[in-house]
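**Student:** structural data only, the sequence is not supplied:
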């Protein structure tokens, strides 16, 4: 296996383990792109205020995606296991 194939498979494995990381990044870039396009029609709003709102919206989306990912991971690890595995872990 070449180094490229190994890195690609490692990336895909990480994406499968944590699917909300790429979703958070995609949302971040989508919000930033949308806000940059809307910058022309910001009206009387100062540039700094517009940029702060853009940053807060993008960061909020990323934090939300991370929170959903952690809750999903906790659910998968602690609540969705069959009874036999849960009993074996406790012993």
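**Tutor:** On my side now, so go ahead. In this text, all values refer to a predicted model and were calculated from it rather than measured experimentally. Numbering: from 1, shown residues only.
**Student:** now the residue nearest to the spatial centre of the chain: closest residue in space, sequence neighbours ignored.
**Tutor:** Centroid check for the chain by C-alpha atoms, centre = their mean gives residue 24 as the closest residue, at 2.7 Å. Excluding the flanking residues, the one nearest residue 24 by C-beta to C-beta, 6 or more residues apart in numbering is residue 65, at 3.3 Å. C-betas here are computed from N, CA, C, even on glycine.
**Student:** got the contact list for the residue nearest to the centre of the chain?
**Tutor:** Shown in contact with residue 24 (C-beta atoms under 8 Å, 6 or more residues apart in numbering): 61, 62, 64, 65, 66, 69.
**Student:** any idea of the pLDDT on it?
**Tutor:** On the pLDDT scale, residue 24 is placed at 86.
**Student:** next SSE after the helix or strand containing it?
**Tutor:** Here residue 24, judged by DSSP states H and E, is contained in helix 20-37. The element immediately downstream of helix 20-37 (helix or strand, assigned by DSSP H and E) is helix 47-74.
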